[in-house]
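Asks: Return a 3D structure for these sequence lines:
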Amino acid sequence: MLKKCLLLILLVFLTYSNTVEAANWVNIGKGEAVLLYVDSDSIKDGLNGAKEAWFMYQHTPPDCASSYAKSLKKCVATYTNLEWLFKNKTYCRIGFAHYFTDGTNTGYSATPCEIEKINPGTASEIKWKYIYR
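Replies: Have a look, this model is predicted:
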């Protein structure tokens with residue numbers, strides 16, 4: 001019985017420990033129509049010399065016009081990405097979740113790492129400069 005209780009407590013902790021509410025969000029700047037935040041507690045060394053961190057994008061105003069938002073008939077208020085940022089100014093997203101203005105969300109989804117170049121003047125450059133400051 002005790003073993004089952006401890007397992008249940010562990011499952012509850014793991015389920016809610018990486019939620020938006022549990023994070024220590026720090027504002028790191030403004031990107032293309034979004035306010036950028038990083039969960040300062042999530043920054044750690046990733047694979048192949050990358051830095052891993054959770055980022056949150058808060059739409060200003062909420063995104064109701066993108067093809068993604070229109071396909072769901074919902075407005076995206078915020079979304080979070082788990083990303084790897086590399087010293088050579090590249091990055092990849094390895095997971096994400098979208099949060100809608102109606103209070104619902106997509107839940108966490110893992111994605112394959114597709115490495116992309118960080119372009120000057122983008123939200124990705126703001127994140128990279130913060131991580132490698």
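Asks: could you give me the average pLDDT of the lengthiest strand in the chain?
Replies: The residue-count maximum for a strand in the chain (DSSP state E) belongs to strand 51-63. Strand 51-63 shows a mean pLDDT of 95 in the predicted model.
Asks: starting at the chain centroid, how far to it?
Replies: 6 Å (C-alpha atoms, centre = their mean, to the nearest Å).
Asks: which helices and strands sit right next to it?
Replies: strand 34-39, strand 44-45, strand 76-86, helix 123-131 (3 or more C-beta pairs under 8 Å, 6 or more residues apart in numbering; DSSP states H and E). (Each C-beta comes from the backbone N, C-alpha and C, glycine too.)
Asks: For it, which strands pair with it and how are they oriented?
Replies: Applying DSSP bridges, strand 51-63 is found paired with strand 34-39 (antiparallel), strand 44-45 (antiparallel), strand 76-86 (antiparallel).
Asks: Any idea how many residues pack against the nearest residue to residue 101 once chain neighbours are set aside?
Replies: Nearest in space to residue 101, with sequence neighbours left out and distances taken as C-beta to C-beta, 6 or more residues apart in numbering, is residue 75 at 4.4 Å. Residues near residue 75, counting by other C-beta atoms under 10 Å, number 17.
Asks: same check, this time on the one 5 residues further on
Replies: Look at residue 80: counted by other C-beta under 10 Å, it has 24 neighbours.
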